[in-house]
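Asks: fold the following and give me the result.
(one chain, ligands or ions: 2)
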Amino acid sequence: MKRYTWGGMPCVRFDKLLATEEHPCYYCGKPFSIDTTIACSKCGFMICPNCKKCVCNTSKLEQTTLAVLRDNYCCDPSNFSRGFDESDKEYLISVPHFVDALNYCRKQEGINV
Ligand SMILES: [Zn+2]
Ligand SMILES: [Zn+2]
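Replies: Ligands and ions are numbered 1, 2, ... in the order given. Got it, this is the predicted structure:
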């Protein structure tokens with residue numbers, strides 16, 4: 001299974017991801033297999049089989065937003081455990097399903113969401 005890091009920062013679940021997982025897409029929310037989905041050769045991000053988005057084919061605003069959210073929640077163990085903060089909800093205008101993906105991963109770690 002391919003484990004990717006983005007911007008050199010592994011997510012908190014980097015070593016725990018299982019091939020059987022179906023991670024919701026940040027953009028369209030549809031879950032896809034983290035094992036069989038193809039990663040983009042340019043950005044290294046998985047290309048969603050449903051909306052076909054990775055990082056390269058999104059807007060600058062979407063890219064910046066995803067980077068902020070990912071660094072803040074997926075890569076920071078205490079924020080990851082605490083969960084999404086309502087004060088950040090404006091970010092979801094650009095990346096609408098980030099919370100679905102975050103909560104999916106939190107659930108995998110046994111956190112009640
Ligand atoms: Zn998608
Ligand atoms: Zn790409």
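Asks: for residue 98, give me its contacts.
Replies: 26, 66, 69, 73, 84, 91, 92 (C-beta atoms under 8 Å, 6 or more residues apart in numbering). Quick note: C-beta positions are derived from backbone N, CA and C, even for glycine.
Asks: just the element for residue 99, please.
Replies: helix 98-108 (DSSP states H and E).
Asks: okay, residue 60 and ligand 1: tell me how far apart.
Replies: Residue 60 sits 19 Å away from ligand 1, going by C-beta to the ion, to the nearest Å.
Asks: then residue 45?
Replies: Taking C-beta to the ion, one finds residue 45 at 11 Å from ligand 1.
Asks: what about that residue, neighbour count?
Replies: 18 (other C-beta atoms under 10 Å).
Asks: from residue 26, how far out is it?
Replies: To residue 26, residue 45 is 9 Å away according to C-beta to C-beta, to the nearest Å.
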